[in-house]
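Q: Here's my sequence, what's the structure:
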Amino acid sequence: MDDDLIPKLTHARALIFDCDGTLVDSGPVYAQAWAAGFSLSGKVMSLDWYHGRNGLSEHVLMDDFEREHGVSLDRHAVVALMRQTYLDRAAEVDLIESVVRLARDRCGQLPMAVASGGPAAIVLPTLRALGLDQLFDAIVTFDDVGKPKPEPDIFWEAARRLGTPPQDCLVFEDSDQGLKAADLAGMMAVDVRGIDTTGRELQLCRETSFRLPSVDLLRHYPQPVENTETTVRAALLRLAEVASEVESQGAYNSFLFAVGSNHGGTFYPVVLTTFPALEDILRRGRHWAKYAVTEALIDLAFSFEPEAGYDVFCGPDAEVATSLAQQVRTEVQALVPVLKLVANETGPAAIRAREFILRLIE
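A: Residues are numbered from 1 along each chain as shown. Predicted coordinates for the structure are as follows:
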């Protein structure tokens, strides 16, 4: 496991994935395709020779073959046969599930692109056949920039299309030349060869799609024993994963019960720890997740009243005790700029956000 994976995911504002060897296990099919293409030279390409160069661009691979086998290739014919052989066997290409699950978890939360050194004639059909193309906001191939990795141009073009500065992009790669390209591009990078597939790392990745309250912070805010750190964090995760109207209602209820005892008016100081996560969902969440958060904020701002004993509360850093309701209302007001971003979108979440803003500024 990359020890820096979680901090990098937390910092990232866009994700860029290599294709072959990162999202899809295309190596075996590519090896057979190149063996067919190189056979036109009268020489036999060993699989070991190819696997030692897996991930190189077409032209670089052919340069190596010519130099090491002492032949001059009809490059157009070699590439044409290689690509046709690959496409004929494309059904044999498998997903790399650990990385694909991570990409699916982030879909709709962060801008994402594919940046592949392969040709569009292979990369695009492969992604479409496996149902991956719809996950990404941009797909960049060698054809778009004309320079192979480790040159950084493919990653720069991906960042440009995503509208994100290179230093805020996180690259997922499986090759040394790809990792070097990411470094030259000024981007963070993760070597997917070090990602485990046990599920624990993927769960950690899922939890970094927004800022969960820290355990230490939660302990500063007293709450009843039935409202534990676990229930608060689980409720926030459930909000972040909402993908439908039905799920939004259940997640909304789960969150309100995690920070209070019922819908009748009681909530606890622990709610003050949840606003960073709520903000992140409003900024980067799916549409119905934003809707659920907006509904929860409406309750916090207008429907809840502190239980006896919490009407006046002094937080860990507060010099003067203030009304808990007042503190919550202040936190909600601070989210107005983010709510305005939601309001400028379309759909039920946008409509609800516009209505909510009007109530807040009355």
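
Q: CA atoms for contacts and neighbours, from now on please.
A: Fine.

Q: Report pLDDT for residue 223.
A: With respect to pLDDT, residue 223 scores 62.

Q: Run through the residues that contact residue 90.
A: 29, 126 (C-alpha atoms under 8 Å, 6 or more residues apart in numbering).

Q: wait, doesn't residue 271 sit right on residue 255?
A: No - contact criterion C-alpha atoms under 8 Å: residue 271 and residue 255 do not qualify, at 9.5 Å.

Q: which of the two has more neighbours?
A: More crowded of residue 271 and residue 255, by other C-alpha atoms under 10 Å: residue 255, with 24 against 20.

Q: Now for the nearest residue to that one once chain neighbours are set aside, how many residues are close by?
A: The shortest distance from residue 255 to any non-neighbouring residue, by C-alpha to C-alpha, 6 or more residues apart in numbering, is to residue 235 (4.9 Å). By other C-alpha under 10 Å, the residues close to residue 235 number 21.

Q: And for residue 347?
A: 13.

Q: so what's it up against?
A: Shown in contact with residue 347 (C-alpha under 8 Å, 6+ apart): residue 287.

Q: could you check the distance from residue 248 over to residue 236?
A: In this view, residue 248 and residue 236 are 12 Å apart by C-alpha to C-alpha, to the nearest Å.

Q: coming back round to it: does the residue nearest to residue 255 belong to a helix or a strand, and which?
A: helix 229-240 (DSSP states H and E).

Q: And this structure, what are its domain boundaries?
A: 5-24+94-203, 27-92, 210-361 (automatic domain parsing).

Q: tell me the most buried of those?
A: Mean neighbours per residue, mean count of other C-alpha atoms under 10 Å, is largest over the domains of the chain for domain 5-24+94-203, with a mean of 20.

Q: next one: it to chain centre, how far?
A: Here domain 5-24+94-203 is found 10 Å from its chain centre; the criterion is C-alpha atoms, centre = their mean, to the nearest Å.

Q: Check stretch 89-100 too.
A: Distance, centroid of stretch 89-100 to centroid of chain: 19 Å (C-alpha atoms, centre = their mean).

Q: so what does the helix holding residue 235 touch, helix or strand wise?
A: helix 245-259, helix 275-284, helix 287-302 (3 or more C-alpha pairs under 8 Å, 6 or more residues apart in numbering; DSSP states H and E).

Q: of all the ones you listed, which lies closest to residue 131?
A: helix 287-302 (21.4 Å; C-alpha to C-alpha).

Q: Residues contacting the closest one, please?
A: For helix 287-302, the surrounding residues in contact (C-alpha under 8 Å, 6+ apart) are 239-245, 248-249, 251-252, 255-256, 278, 281-282, 325, 328-329, 332, 342, 347-350, 352-353, 356.

Q: how near is residue 125 to residue 179?
A: Distance, residue 125 to residue 179, by C-alpha to C-alpha: 25 Å.

Q: how much space between residue 284 and residue 343?
A: Using C-alpha to C-alpha, residue 284 is found at 14 Å from residue 343.

Q: can you give me the strands for the stretch 1-150 of the chain?
A: Assigned by DSSP state E, counting those that start in this stretch, the stretch 1-150 of the chain shows strands spanning 14-17, 24-25, 94-95, 112-115, 138-140.

Q: Which per-residue confidence value corresponds to the most centrally placed residue in the chain?
A: Residue closest to the mean C-alpha point of the chain, counted by C-alpha atoms, centre = their mean, is residue 106 at 3.1 Å. Turning to residue 106, the model gives it a pLDDT of 80.

Q: quick revisit: pull the helix holding residue 235 out as PDB, backbone CA atoms only.
A: C-alpha atoms of helix 229-240 as PDB (Å, rounded to 0.1, in the frame of the first residue of the first chain):
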ATOM      1  CA  GLU A 229     -18.500   8.400  17.000                       C
ATOM      2  CA  THR A 230     -19.200   5.400  14.900                       C
ATOM      3  CA  THR A 231     -22.800   6.400  14.200                       C
ATOM      4  CA  VAL A 232     -21.900  10.000  13.300                       C
ATOM      5  CA  ARG A 233     -19.200   8.900  10.900                       C
ATOM      6  CA  ALA A 234     -21.400   6.100   9.400                       C
ATOM      7  CA  ALA A 235     -24.200   8.700   8.800                       C
ATOM      8  CA  LEU A 236     -21.900  11.000   7.000                       C
ATOM      9  CA  LEU A 237     -20.600   8.200   4.800                       C
ATOM     10  CA  ARG A 238     -24.200   7.300   4.000                       C
ATOM     11  CA  LEU A 239     -24.900  10.900   3.000                       C
ATOM     12  CA  ALA A 240     -21.900  11.000   0.700                       C
END
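
Q: any chance of the strands of the stretch 1-150 of the chain in CSV, plus distance to residue 187 and mean pLDDT?
A: Output for the strands of the stretch 1-150 of the chain, formatted as CSV (distance: least, C-alpha to C-alpha, whole Å; pLDDT from 0 to 100):
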stretch, distance to residue 187, mean pLDDT
strand 14-17, 10, 96
strand 24-25, 22, 93
strand 94-95, 25, 92
strand 112-115, 13, 97
strand 138-140, 16, 97
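
Q: for these, which one sits closest to residue 70?
A: Residue 70 lies closest to strand 24-25 among the strands of the stretch 1-150 of the chain, at 30.4 Å (C-alpha to C-alpha).

Q: by contact count, what packs against that closest one?
A: Using 3+ C-alpha pairs under 8 Å, 6+ apart, strand 24-25 sits against strand 94-95.

Q: can you list the residues that contact the strand it packs on?
A: 23, 24, 25, 26, 130.

Q: leaving aside the residues next to it on the chain, what's closest to residue 124?
A: Counting by C-alpha to C-alpha, 6+ apart, residue 133 is the residue found nearest to residue 124 once chain neighbours are left out, at 7.5 Å.
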